[in-house]
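# okay, structure incoming, though there's no sequence with it:
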């Protein structure tokens, strides 16, 4: 029986090659035979005959046997040209089967997976090792994949660069490191899903009920796996709060979400959207958005309300200006009251001082909110975005009542009427009563604009001291009482 060293597929040509080197005795030529059916005694097909033994190898043209995506089993038959005939003990022939490797690209793993049949026909098959070679062209050049040596017939090759086709073959080496066999070449294209052409956090704004509405703009041409919305008081410690399935919002330019689980009266929040591909892997993020948190401090001595708020962040263009809205006497902050420019340094808090001294008719409660208005959009989005706005939380403060009661008046002089003066209380809930020295009620009014003229039942009251009691209600609904004496001077 003529022994075969190995069969292999030459990666440079794609052709099957058969090698032999041991003379079985008196052999002058060999016949190359393919085993087509191991279970059939007649399952053999001749490839070529009378091949000089000294040639010690044979290359099968592709036109006869193409090993792409298949395996072949071959042997060589010893023949004696001196009349000895040919060896016909087919059961004892040395059969060798080529290796076939299949390559499959799995985008979600960024990996080409190789799988093939083992080479089991080496004479020393105690430990067959396999190595993987890769190239970018069908016929090479190929390079060894580092650390790819294995005793398994599967291998996972992590790809770091997409947009190209990778070609592979596997090399098997026998336990004695004498012979080796290479597989056919197979390939696959490593194409990653396209990333979105654009993505943009349009705004994050506090709603009247203190929820926060977040809106972002997305690409409608390239479907993604999903969009995860993150939130945090600190931009370096944000957590996911909502996810939008990519197929559900595929054709939506704008996606909005109302976040109820916030304390917008106490904090400013950062938001950002993480885009996931169809494999569920994060591939991109939008810009950040930071809401406006407003605080207001009432100074009851200076009669001012001081507003402070953080800069809105991070539109693709700067904040052009801030609108300040104000309301009072129980009304929300809906009236545009002032417009201010942002600070030059975004780390400096913005501030506005409202002098409320002249607001005599205000009960005492002032409510404010701030609206950031974006400058011209600089990013070139396909749907021509307009400048966005963002509203802060609404803050209400109380100015304590101011109340002055004179201690004397002269009906015939300059101060002709006895009446208290004040502001920041509810004028509709006011009452003043005047008593004479005997405790008898001589005058009552619930109109702060109608003081006592010094008359009693149409008659001029006598000069002297009179007792008064005054009641009024402030902006918080608390009742205040004043009691004292006033001198009537004639």
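Yes, it's here. Quantities reported herein were computed from a predicted structural model and do not represent experimental measurements.
# all contacts plus neighbour counts: C-alpha atoms, from now on.
OK.
# show me the shaky parts of the stretch 51-200 of the chain.
Filtered on pLDDT under 70, the stretch 51-200 of the chain yields the residue ranges 81-86.
# and if we set it to 50?
In the predicted model, the stretch 51-200 of the chain carries pLDDT under 50 at residues 83.
# where do the strands of it begin and end?
Along the stretch 51-200 of the chain, the stretches classed as strands by DSSP state E, counting those that start in this stretch are 57-60, 73-80, 85-86, 96-97, 101-106, 111-116, 129-135, 142-144, 154-158, 164-173, 180-182, 186-190, 199-206.
# same check on the stretch 301-450 of the chain?
All strands of the stretch 301-450 of the chain, identified by DSSP E, counting those that start in this stretch, fall at 304-309, 319-328, 335-340, 350-355, 365-374, 389-391, 395-398, 402-404, 408-409, 421-423, 426-435, 441-445.
# averaged pLDDT, the fourth one. What do you get?
Here strand 350-355 scores 95 as its mean pLDDT.
# and residue 355, how far is that from residue 303?
To residue 303, residue 355 is 6 Å away according to C-alpha to C-alpha, to the nearest Å.
# what of residue 128?
Applying C-alpha to C-alpha to residue 128 and residue 303 gives a distance of 91 Å.
# looking at those two, which has the bigger crowd around it?
The neighbour comparison of residue 128 against residue 303 (other C-alpha atoms under 10 Å) goes to residue 128, with 21 against 17.
# pretty sure that one contacts residue 173?
Yes. Residue 128 is within contact range of residue 173, at 5.6 Å (criterion: C-alpha atoms under 8 Å).
# distance from the chain centre to stretch 297-311, please.
37 Å (C-alpha atoms, centre = their mean, to the nearest Å).
# buried set for it?
By neighbour count on 16 or more other C-alpha atoms under 10 Å, the buried set for stretch 297-311 is 297-299, 303-305, 307-311.
# do I have it right that residue 9 meets residue 17?
Yes. The criterion here is C-alpha under 8 Å, and residue 9 meets it with residue 17 at 6.1 Å.
# give me the more crowded residue out of the two.
Per other C-alpha under 10 Å, whichever of residue 9 and residue 17 has more neighbours is residue 9, with 27 against 17.
# what's the distance between that one and residue 66?
10 Å.
# what is in contact with those two at once?
15-16 (C-alpha atoms under 8 Å, 6 or more residues apart in numbering).
# just to revisit the earlier point, of all the strands of the stretch 301-450 of the chain, which one is nearest residue 230?
strand 389-391 (18.2 Å; C-alpha to C-alpha).
# and that closest one, what other elements does it pack with?
Contacts defined by 3 or more C-alpha pairs under 8 Å, 6 or more residues apart in numbering; DSSP states H and E place strand 389-391 against strand 199-206, strand 365-374.
# now with 10 Å?
With contacts taken as 3 or more C-alpha pairs under 10 Å, 6 or more residues apart in numbering; DSSP states H and E, strand 389-391 sits against strand 199-206, strand 212-218, strand 319-328, strand 365-374.
# for residue 350, find the nearest of these.
Among the helices and strands packed on strand 389-391, strand 319-328 sits nearest to residue 350 (C-alpha to C-alpha), with 9.4 Å.
# which of the residues in that closest one are buried?
319, 321-328.
# about what we covered before: reformat the helices and strands packed on strand 389-391 as JSON lines; add distance to residue 261.
Formatted as JSON lines, the helices and strands packed on strand 389-391 follow (distance: least, C-alpha to C-alpha, whole Å):
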{"stretch": "strand 199-206", "distance to residue 261": "12"}
{"stretch": "strand 212-218", "distance to residue 261": "9"}
{"stretch": "strand 319-328", "distance to residue 261": "25"}
{"stretch": "strand 365-374", "distance to residue 261": "20"}
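# contacting residues for the residue nearest the centre of the chain?
Ranked by distance to the mean C-alpha position of the chain (C-alpha atoms, centre = their mean), the top residue is residue 274 at 1.3 Å. Residues near residue 274 by C-alpha atoms under 10 Å, 6 or more residues apart in numbering: 199, 226-230, 240, 243, 281-287.
# pull out the buried residues from those.
199, 226-230, 285-287.
# between those residues, which is nearest residue 220?
When the buried ones among the contacts of residue 274 are compared for distance to residue 220 (C-alpha to C-alpha), residue 199 wins out at 10.1 Å.
# where's that closest one relative to residue 175, distance?
56 Å.
# re earlier: overlap in contacts, residue 9 and residue 17.
With C-alpha under 10 Å, 6+ apart, residue 9 and residue 17 have common neighbours 59-60, 98, 181.
# now the common contact residues for residue 128 and residue 173.
119, 122, 180.
# of the residues you listed, which is the nearest to residue 470?
residue 119 (108.1 Å).
# hang on, isn't the closest one packed against residue 174?
Yes. Counting by C-alpha atoms under 10 Å, residue 119 touches residue 174, with 8.9 Å between them.
# overlap in contacts, the two.
Common neighbours of residue 119 and residue 174, using C-alpha under 10 Å, 6+ apart, are 6, 125, 128-130, 180-181.
# what subset of the residues you listed is buried?
So, by 16+ other C-alpha under 10 Å, the buried ones in those are 6, 128-130, 180-181.
# give me the distance between the two termini of stretch 357-376.
One end of stretch 357-376 to the other measures 37 Å (C-alpha to C-alpha).
# and that stretch, which residues are buried?
362-375.
# what of stretch 37-49?
residue 44.
# can you give me the offset of it from its chain's centre?
62 Å.
# next one: stretch 70-84
Counting by C-alpha atoms, centre = their mean, stretch 70-84 comes out at 66 Å from the chain centroid.
# and stretch 221-230, by the same measure?
That offset, for stretch 221-230, works out to 8 Å (C-alpha atoms, centre = their mean).
# and if you look at stretch 443-455?
Distance of stretch 443-455 from the chain centroid (C-alpha atoms, centre = their mean) equals 67 Å.
# tell me the mean pLDDT over that stretch?
pLDDT averaged over stretch 443-455 gives 92.
# can you list the weak-confidence ranges in the stretch 351-490 of the chain?
Checking the stretch 351-490 of the chain against pLDDT under 50 turns up nothing.
# how close does residue 304 get to residue 95?
Residue 304 is 100 Å from residue 95, by C-alpha to C-alpha.
# likewise residue 183?
Taking C-alpha to C-alpha, one finds residue 183 at 16 Å from residue 95.
# residue 302 too?
The value you get for residue 302 to residue 95, if C-alpha to C-alpha is used, is 104 Å.
# how about stretch 412-430: buried residues?
416-420, 423-427, 430.
# ok, what's across the strand from residue 102?
Applying DSSP bridges to residue 102 yields these beta-bridge partners: residue 115.
# OK, contacts around it?
By C-alpha under 10 Å, 6+ apart, the contact set of residue 102 is 68-70, 112-117, 154, 168-169, 183-188.
# any idea how far the nearest residue to residue 441 once chain neighbours are set aside is from residue 442?
Closest residue to residue 441 apart from its sequence neighbours, by C-alpha to C-alpha, 6 or more residues apart in numbering: residue 435 at 4.4 Å. Distance, residue 435 to residue 442, by C-alpha to C-alpha: 6 Å.
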